[in-house]
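Engineer: build me a structure from this.
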Amino acid sequence: MCTETTPNEPENCITAEQPDLTVHRQALPTFPDVCRNDAQFKAWQRSRDWLMYDANEKTVRCSTCSQIKRLGLFNESGQHNETAFIDVVVQCKTAKSLLKKIDKHRDSNAHKSCALTVCTRSAETIVQSIKAAETKFKERHRDNIDVTMKVFRTAYECTKSHLPCTEHARLIELQSLNGLNCGNILYSNHTCSNVISHISSEMRSEIVQHIVNSGAPFSVMVDESTSVANAQSLIVKL
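Structural biologist: You can find the predicted model right below:
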């Protein structure tokens, strides 16, 4: 505070001679006290990505086990849970003893079970994200999907009724005249042939998969037949 005031100097001013009272906070440490420096602790973390340092408690912790906390139902009979790396109470006098405790925790069944649980959760999250993306895609392109389904059903009807692929365009046009939205593409006979090939391939795969998964016994009957035009054909039946 100013002891004397002048006309050009207001009261309660701060002079250059007054010491700065701003308190500079000391940066928090980034490695345990028993380590030589930050580089030594980071070298430990390279092969142990779960290893973290708690600056408030001034000790290390396991980020993987902290996510699971206690194994609960995942706890196996006779398995010892290392809670020191969860509650952040790991205490050692030397860097060597600390590293030994860290490696012991890494090799423990509790840590391995936690790591497996975290990986399982990550896999489930990916599956849920894929399903959510698929649902959003269907909602966004619902009109195009409905049109494509109508074209596929029409092509399947051509094959089921033993109609030539050239009838595909006529049936699409007939449905459009009756008020159905069948789109503006996928009308040609080539499209009909490609759609039929795709449907037959998918149906064949489903049948084979069903036979393999069911485990039911089946038999194969092979017979050869000759038509009136003297053309031979091989018939295979399940």
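
Engineer: from here on, contacts and neighbour counts on C-alpha atoms
Structural biologist: OK.

Engineer: residue ranges with poor pLDDT in the chain?
Structural biologist: 1-27, 69-82 (pLDDT under 70).

Engineer: ok, longest helix in it?
Structural biologist: Using DSSP state H, we find that the single longest helix of the chain is helix 109-140.

Engineer: other SSEs contacting that helix?
Structural biologist: helix 63-68 (3 or more CA pairs under 8 Å, 6 or more residues apart in numbering; DSSP states H and E).

Engineer: so how far is the helix it packs on off the chain centroid?
Structural biologist: 19 Å (CA atoms, centre = their mean, to the nearest Å).

Engineer: against which helices or strands is the next helix or strand after the longest helix of the chain packed?
Structural biologist: Counting by DSSP states H and E, the next helix or strand C-terminal to helix 109-140 is helix 142-160. With contacts taken as 3+ CA pairs under 8 Å, 6+ apart, helix 142-160 sits against helix 167-177, helix 189-214.

Engineer: of those helices, which stretch is the most buried?
Structural biologist: helix 167-177 (a mean of 16; mean count of other CA atoms under 10 Å).

Engineer: got the angle for that helix vs helix 142-160?
Structural biologist: Put simply, helix 167-177 runs at 130 degrees to helix 142-160, going by axes from the mean of the first three to the mean of the last three CA atoms, to 10 degrees.

Engineer: any idea how far the nearest residue to R106 once chain neighbours are set aside lies from I86?
Structural biologist: With CA to CA, 6 or more residues apart in numbering as the criterion, R106 has its nearest non-adjacent residue at 7.4 Å, and that residue is K112. Separation of K112 from I86 (CA to CA, to the nearest Å): 14 Å.

Engineer: what does K101 give?
Structural biologist: Going from K101 to I86 by CA to CA gives 13 Å.

Engineer: and these two? which has more neighbours close in?
Structural biologist: The neighbour comparison of K101 against I86 (other CA atoms under 10 Å) goes to I86, with 20 against 16.

Engineer: what's near enough to touch the more buried one?
Structural biologist: Applying CA atoms under 8 Å, 6 or more residues apart in numbering, one finds that I86 lies in contact with 61-63, 65-66, 69.

Engineer: determine the three-state secondary structure at it.
Structural biologist: helix (DSSP: H, G, I helix; E, B strand; the rest coil).

Engineer: ok, now how distant is it from E124?
Structural biologist: Taking CA to CA, one finds I86 at 24 Å from E124.

Engineer: same check, this time on D223
Structural biologist: 49 Å.

Engineer: who's more crowded, these two?
Structural biologist: Legend: neighbour count by other CA under 10 Å for D223 and E124, higher for E124 (12 against 9).

Engineer: how far away is the more buried one from V118?
Structural biologist: Distance of E124 to V118, computed by CA to CA: 10 Å.

Engineer: do C158 as well
Structural biologist: Counting by CA to CA, the gap from C158 to V118 is 52 Å.

Engineer: looking at these two, which one has more neighbours?
Structural biologist: C158 (20 against 16).
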